[in-house]
Each structure stands twice: as structure tokens, then as C-alpha cells.
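Enquirer: return a 3D structure for these sequence lines:
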Amino acid sequence: MALRTYASVLLRQSAPEGVDWRTMPVLARALLLTRASVLPLTIVGAGQGLLYAWWRGTISDTATGVSGLLLGLAAFLGANLAHAANNLANDWRDYKDGLDRPGYPRADYSPHPIASGAMSSRTLLTAIAILTGLGALLGGFTMVMRADLMLGLFAVAGLILSWGYTDPPLRLKRRGLGELSVLLVWGPLMGGGTYLAATGTIDSTALLATLPWGMIATAVLFGKHLDKIEADGSRGVRTFVVRIGEQRARAGTLALLSGGYICVALFGALGIFPWIVAPLAGFGALSARAALKIVAAPRPAAPPPGYPLWPLWHVGAAFLAGRPAMGALFVGLILGTLLGI
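Expert: Model (predicted):
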């Protein structure tokens, strides 16, 4: 029963069918409320920097003997804590702004921390502060041990873009800049930051290597905004997807996903990634065809029987379409390191 519960929370962002989420274990409820099902975006985004450094053989200890691997892992964990905190912060801000209420997709597809009655606004802010503080401690640890202000710049830039996604004065989502911020955060800032923490150096190739996953993470956000296009448009939330319209946004989502796969394969062929990544990306793209077809088509008027995420539709398809690319990157970098290719 416990395994079924956690699998449903992490893979479907919902309680198992027929189970009231309020009766789940505390940890399962916490994972559900923080939307831990989307953390694989950060696991790959931050993890690829560490794996890339491992493959290139550039992980290095500090001058005082602090392990580069330890610092890379600290940056990786800090990024995931920051993502969880940011999910909760976005929920708090959108609830305060009157968006996340019944009838708005976020409050309908999965329990909202406040709207569902799971916690008060004060408790939510406390949870955000704790997660943010832990992430900041890990980031500060890597910066101090490396004695490198560049790490601080990466962290601050990521924090500004992540919190500015919904919060004033930036409100990037409402200005049509949220998608660009995700490309930057889940691409060069996250992967490059972890690489820098593990190696003490950064170069243009290491930053370029983060582009494919940044594109795929952005495609997932496109899918999410596609599912909310009517709700956002009617409430004055002018995301980039709202601004360009539903048909162009579907084409853009497909282009980002396709571009991500093409870049992964191309980088493998060019030696930026291990060559084995290229065929893995090809096989991954073939396995993603069904999900890509869903991305390319309009959303149905009603969900199929048993579908758990309605009214979300395109975001789930985009996430599933990007999952084989995740496997190609991780497996390819691990095999490339272990086999020396």
C-alpha cells in the first residue's frame, strides 16, 4: 500500500485511485503538496552538471582538500530544495493574488496547500522559509569552500528568476517572460552551477551542454501554460503562451521537445556528450512519439476514463515526451564515464 501511494504521488501527482489524500502518510502528503512529481526536472537539470564533470574528469577538490564531489552533491541537493520551496512560494503568491481557487487548474488537479485546507498561510510561509534556508545553507557552503563568488552569482541569478516568476516586482510569468526564465534556470544556471561547484571552473562547453535539458524543461512549462491558457487569459495572466495563442504554443512545445532531442543527439555526435548518447536519444525520441502526438493535438473536451490530472493535459504529455531524453542523458553520461568513451 505504501509503495502504491508513493508511486502515485511521484508519478501521477495524485493519491491512488479511491484513496483520500488526507489519509496518506505525512511524508506522502508533503511530497504531494510540494509537487515533488516535477522534481525530476531539477534532478536532471542539476544532476547533469555533476555527471558531466564526472565524464570529463574535471571534478576536483579545493585547495584546502574539501571534496569536489561533496560540493557538487551539496549544490545538487540545494537546487532540489530550492525547487520545492519555489513550488510552494508560487502557490502562496497565486493564492494571495486570487488565482489558485476552485475553478482554476492549480486548485483542481491536485491539492493546493492553502485552498485544500492542508495548512494555513503562515504555516506555508514557514515551510517555504525552512526549505529556502536549507538550500541557501548548502549554496553558501559550496561558495565558501570554493572561495568563488561566481557560485554566489549563479545562485542569486537563479533565485531572482525563480522567485520573480510570480512575485513582484518582476512577475515574469505575467509579462510573458516566465518561459525564458525557465530556460535559463533549468539550463545554464542549474547545470552550470553544479558543474562549477564540483570542479571550481566553468567553460562555454559545459554551459552549452545544459541547453538540451533547458529546452525540454521549458517545453514542460509551455504544456502547463497551454492547459491554463483560457483560465490565465480570462484573469489577465499574460503568459507567453497566452500571448502567442494555443495553436502556435502547441507548435512551440513540439519544437522545444524536438530541438532538445536533436541537440542531445548532435552533442553526442560532436563529442560534447559521449557518443553513446546519440543512439540513446534516437531510441528515446522513437519511444516518445505517442506523447509527442498528444502535444501536437488540441486538448480533448473531456478526460479519458481514469485520467488523474484533469484539467491538465499537455503538460503531462510534454513531461512524458521528455522523460526518454532524461534517460538518454543520465544513462549516456554514466556509461560514457564507466566505459571511457
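Enquirer: hey, let's count contacts and neighbours off CA atoms from now on
Expert: Fine.
Enquirer: please name the residues that touch the residue lying closest to Ala251 once chain neighbours are set aside.
Expert: Nearest residue to Ala251 in three dimensions, chain neighbours excluded: Ala296, at 6.6 Å (C-alpha to C-alpha, 6 or more residues apart in numbering). Ala296 makes contact with Arg250, Ala251, Leu254 under the criterion C-alpha atoms under 8 Å, 6 or more residues apart in numbering.
Enquirer: can you tell me how far Ala296 is from Pro308?
Expert: 21 Å (C-alpha to C-alpha, to the nearest Å).
Enquirer: quick one: stretch 98-109 to chain centroid distance?
Expert: The chain centre lies 21 Å from the centre of stretch 98-109; the measure is C-alpha atoms, centre = their mean, to the nearest Å.
Enquirer: with stretch 141-149 instead?
Expert: For stretch 141-149, the distance to the chain centre is 25 Å (C-alpha atoms, centre = their mean).
Enquirer: got the buried residues for that stretch?
Expert: When burial is assessed from 16 or more other C-alpha atoms under 10 Å, stretch 141-149 yields the following buried residues: Thr142, Met143, Met145, Arg146.
Enquirer: kindly report the same for stretch 237-247.
Expert: Result for stretch 237-247 [16+ other C-alpha under 10 Å]: buried residues Val237, Arg238, Thr239, Phe240, Val241, Val242, Glu246.
Enquirer: got the contact list for the fourth one?
Expert: Taking C-alpha under 8 Å, 6+ apart as the criterion, Phe240 is in contact with Lys173, Arg175, Gly176, Leu177, Gly178, Glu179.
Enquirer: not counting residues beside it along the chain, what's closest to the last one?
Expert: Translated: Glu179. Thr218 (5.9 Å).
Enquirer: next one: the fifth one
Expert: If the residues on either side of it in the chain are set aside, Gly178 comes closest to Leu172, at 4.9 Å by C-alpha to C-alpha, 6+ apart.
Enquirer: I'd say Glu179 and Val220 touch.
Expert: No. Taking C-alpha atoms under 8 Å as the definition, Glu179 is not a contact partner of Val220, at 9.6 Å.
Enquirer: these two: who's more crowded?
Expert: Val220 (27 against 22; other C-alpha atoms under 10 Å).
Enquirer: name the helix or strand for the more buried one, please.
Expert: helix 211-227 (DSSP states H and E).
Enquirer: helices or strands up against the worst-scoring helix or strand of the chain on mean pLDDT?
Expert: For the chain, the helix or strand with the lowest mean confidence is helix 105-109, at a mean of 87 (criterion: mean pLDDT, DSSP states H and E). Contact here means 3 or more C-alpha pairs under 8 Å, 6 or more residues apart in numbering; DSSP states H and E; on that basis helix 105-109 packs against no helix or strand.
Enquirer: which parts of it are buried?
Expert: In helix 105-109, counting by 16+ other C-alpha under 10 Å, buried: Pro105, Arg106, Ala107, Asp108.
Enquirer: same deal with stretch 302-322?
Expert: 308-322.
Enquirer: rewinding a little: which ones among the buried residues of stretch 141-149 map onto helices?
Expert: Counting by DSSP state H, these place Thr142, Met143, Met145, Arg146 in helices.
Enquirer: the residue nearest the centre of the chain: what's it in contact with?
Expert: Nearest to the mean C-alpha position of the chain, counting by C-alpha atoms, centre = their mean, stands Leu41 at 3.2 Å. Residues near Leu41 by C-alpha under 8 Å, 6+ apart: Trp186, Ala217.
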